[in-house]
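Visitor: sequence first, predicted model second:
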Amino acid sequence: MKQPLPIAEDMSKLKTLLHDSLSPHLTADAGKDMRILNLACGRCDEAETLIQVGSELTKGGDVEMIGADIRIREIRQARENHAHLPAKFLIEDATKIDQHQELGDDFNMVFLRHQNFWHGQELWKKIFDQGIAKLRPDGMLVITSYFDVEHRLALRALEALGMEVISNTRNKASRELSDAPGKSVDRWVAVLKRRGT
Ligand SMILES: C[S@@+](CC[C@H](N)C(=O)[O-])C[C@H]1O[C@@H](n2cnc3c(N)ncnc32)[C@H](O)[C@@H]1O
């Protein structure tokens, strides 16, 4: 699918950021393949980007992505837009993703783009907790944020859940949202691992 120009540019920046943030932290036994769980993915504009990054990081290994969101319309759109990708999109409440046992708990990456911590801290703590439980022991959790305060609060909540920030980057080229001063697309990208791993 050809993306509108601003989205294509956002994706190109996100791809570089993810690649540069993740590659120094891949462990030797991370495995040849990559499973990615994208929670609260919406229509998942970043599906192809994530799969490309996974493929680069595994040097051509198999990459699989599962996207999940509670909104039916967005998930239907994601399924339509990304039918050509090795990706599945589930209509799921991410606070209860543990009930979906067949998903497994061996994801190399759990990804949350534009997490919404500011608008429901208790809800998002549950989503974070559920995401962490789906990671391999050496897996990485990645969040991106629209604005500074929300990003800081989300990182603090993740640290309280036993995670450690291993990379935190302000995307200087991020696209400003014209109707929301101080907010921009993938303004921050952070990578976290379980503390002590
Ligand atoms: C700020 S939007 C980000 C969407 C997408 N990741 C993006 O970057 O465009 C937050 C998303 O969280 C989803 N969400 C909120 N509560 C959820 C829940 N309990 N389970 C799954 N998704 C949820 C919303 O439906 C929405 O798509």
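Guide: Perfect, I can see it now. Numbering: from 1, shown residues only.

Visitor: may I see the buried residues of the helix or strand where F128 lies?
Guide: Using DSSP states H and E, F128 falls within helix 121-133. Buried residues in helix 121-133, counted by 16 or more other CB atoms under 10 Å: 124-132. Yep, even glycine has a C-beta here, placed from its N, CA and C like the rest.

Visitor: can these go into CSV with extra columns for distance to the ligand and pLDDT?
Guide: CSV is the format used below for the buried residues of helix 121-133 (distance: CB to the nearest ligand atom, whole Å; pLDDT from 0 to 100):
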residue, distance to the ligand, pLDDT
W124, 8, 98
K125, 12, 98
K126, 8, 98
I127, 6, 98
F128, 11, 98
D129, 12, 98
Q130, 9, 98
G131, 11, 98
I132, 15, 98
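
Visitor: the longest helix seen in the chain packs against which elements?
Guide: Secondary structure of the chain per DSSP state H: the longest helix is helix 5-22. Helices and strands touching helix 5-22, by 3 or more CB pairs under 8 Å, 6 or more residues apart in numbering; DSSP states H and E, are helix 47-57, strand 135-145, strand 163-170, strand 188-194.

Visitor: any idea how far the nearest residue to P24 once chain neighbours are set aside lies from D62?
Guide: Closest residue to P24 apart from its sequence neighbours, by CB to CB, 6 or more residues apart in numbering: S167 at 7.7 Å. Per CB to CB, to the nearest Å, S167 is found 25 Å from D62.

Visitor: look at these two and report which has more neighbours.
Guide: Per other CB atoms under 10 Å, whichever of S167 and D62 has more neighbours is S167, with 17 against 13.

Visitor: surely the more buried one touches S23?
Guide: No. With contact defined as CB atoms under 8 Å, S167 does not count as touching S23 (10.1 Å).
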